[in-house]
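[1] Let's see this in three dimensions:
(one chain, ligands or ions: 1)
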Amino acid sequence: MALIRFDGVAHSYSGHAEKPADYALQPMNFSWDDGGAYALLGPSGCGKSTLLNICSGLLKPSEGRVFFGDRDVTDLSPERRNIAQVFQFPVLYDSMSVYDNLAFPLRNRKVQRSHIDRRVREVAEMLDLGSVLKRRASGLGAELKQKISMGRGLVRDDTSAILFDEPLTVIDPQLKWRLRRQLKEVHKQFSHTMIYVTHDQIEALTFADKVVVMSDGEIVQVGTPQELFERPEHTFVGFFIGSPGMNFIECRIDGDSAVIGERRVSLSASQANAAAQAGSGDFKLGIRPEFVEAARPGEGFAARVTAVADMGEFHLVTADLDGNELKIKLPDAHAHIQDDTLHVQFPSEWLCLYHNERLIGHEVEVAA
Ligand SMILES: Nc1ncnc2c1ncn2[C@@H]1O[C@H](COP(=O)(O)OP(=O)(O)OP(=O)(O)O)[C@@H](O)[C@H]1O
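    Just a heads-up that it's a prediction; the model follows:
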């Protein structure tokens with residue numbers, strides 16, 4: 001069931017938008033399903049906070065309506081939307097005990113004492129806070145404080161959704177993994193709708209079942225981590241996800257082939273059909289560094305190697321192919337490089353075709 005629905009929602013901070021550049025958030029139709037674990041991922045300034053604030057009610061969109069279920073909440077305040085929010089920095093009462101901090105959102109809503117006690121202990125156990133329940137929050141470190149903030153978001157079981165806005169910013173990198181895993185466990189157990197905003201792809205991919213990727217005020221793909229990796233629907237997603245990101249090679253289309261320089265790469269029937277229908281514009285082939293294979297000398301494409309970095313588990317080769325920079329991950333690069341030349345091939349199952357930056361010729365999941 002679609003729990004949160006954005007119906008023609010757009011936002012311009014100036015209040016009057018005439019062209020795309022006037023919008024911080026481009027007009028969008030989009031929804032989050034009930035009980036889903038979502039990440040909202042994109043670089044700084046792409047519109048994540050704007051979308052999150054429209055969802056929580058801190059900001060009213062300049063266009064469109066927001067629905068929670070069948071209810072139009074566009075004009076409702078954050079309090080009346082029943083949303084819990086966890087911010088970058090801990091929000092708690094230093095003078096209270098950990099227990100009282102966790103109980104606060106429930107006491108505020110006059111929940112029965114026995115229910116409060118059960119819920120606080122449940123959440124404390126999930127977040128490993130059981131042993132500090134009696135301690136005052138003031139003496140605790142940043143990680144524990146942020147866990148309490150998360151616990152305060154999780155403790156109510158009647159929230160429409162919990163929004164996490166870069167919640168691990170203050171957490172030591174070593175501890176981030178643990179906290180994220182705990183959050184995922186909590187999601188499995190409690191089944192709240194969770195929306196987790198981050199600019200860090202690792203955080204997004206390890207937390208979410210579905211990742212919403214934003215660029216320039218637009219949602220460019222909604223997909224599972226695997227879908228984003230294997231079939232980026234936009235060159236931005238290919239470039240932004242992965243380390244390093246996807247390779248893009250400029251090409252032209254000739255019948256059922258993509259032509260790079262003098263050499264041809266066979267396209268699948270659906271890619272060739274889509275290319276024929278697409279007409280003019282820019283075409284690019286996309287392939288992940290993980291999927292480029294070394295070919296025997298004389299076969300495939302000859303790429304001029306400009307650097308080889310030993311990454312321990314693999315070599316990361318940087319090479320030039322007809323003016324396109326290629327990154328290639330190989331376990332044994334030196335065995336294949338001769339006179340600064342590496343012959344490479346692109347397995348057809350991993351080759352994506354882009355027309356004007358959009359994936360074509362693949363069955364893609366349409367954003368709900
Ligand atoms: N109050 C505001 N007034 C005017 N412009 C704003 C305001 N808040 C954000 N913007 C602009 O709207 C665009 C989207 O900003 P937003 O904060 O939503 O992005 P973000 O992805 O959350 O970035 P970050 O990760 O840095 O917080 C940016 O161009 C930003 O400069």
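[2] Am I right that residue 75 sits in a helix?
    No. Per DSSP: H, G, I helix; E, B strand; the rest coil, residue 75 lies outside any helix segment and is coil.
[3] Need the nearest residue in space to it, chain neighbours excluded.
    In space, and not counting its chain neighbours, residue 75 is closest to residue 60: 7.3 Å by C-beta to C-beta, 6 or more residues apart in numbering. Quick note: C-beta positions are derived from backbone N, CA and C, even for glycine.
[4] Would you mind pointing out the helix or strand the one you found falls in?
    Assigned by DSSP states H and E, residue 60 belongs to no helix or strand.
[5] Can you report how many residues lie near residue 226?
    Counted by other C-beta atoms under 10 Å, the residues lying close to residue 226 total 9.
[6] what helix or strand is it on?
    According to DSSP H and E, residue 226 maps onto helix 225-230.
[7] Now for the residue nearest to residue 47 when sequence neighbours are not counted: which residues touch it?
    Among residues not flanking residue 47 along the chain, residue 217 sits closest, at 4.3 Å (C-beta to C-beta, 6+ apart). Residue 217 is in contact with 20, 23-26, 46-47, 50, counting by C-beta atoms under 8 Å, 6 or more residues apart in numbering.
[8] rewinding a little: buried residues of the helix holding residue 226, list them for me.
    For helix 225-230, a neighbour-count test (16 or more other C-beta atoms under 10 Å) marks 225, 227-229 as buried.
[9] For the residue nearest to residue 75, give me its contacts.
    54, 74-75.
[10] possible to save the residues you listed as JSON lines with neighbour count?
    Formatted as JSON lines, those follow (neighbours: other C-beta atoms under 10 Å):
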{"residue": "54", "neighbour count": "22"}
{"residue": "74", "neighbour count": "16"}
{"residue": "75", "neighbour count": "10"}
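[11] Show me which of the residues you listed is closest to residue 260.
    Taking C-beta to C-beta as the measure, residue 260 lies nearest residue 54 of these, at 43.2 Å.
[12] before we move on, what SS does that closest one have?
    At residue 54 the chain is in helix, as set by three-state DSSP.
[13] Cross-check the contact I'm expecting between it and residue 10.
    No. Counting by C-beta atoms under 8 Å, residue 54 stays clear of residue 10, with 9.5 Å between them.
[14] list residues touching both of the two?
    25, 61.
[15] residues contacting the residue nearest to residue 44 when sequence neighbours are not counted?
    Spatial nearest neighbour of residue 44, excluding adjacent residues (C-beta to C-beta, 6+ apart): residue 199 at 6.0 Å. Residue 199 is in contact with 41-44, 48, 166, counting by C-beta under 8 Å, 6+ apart.
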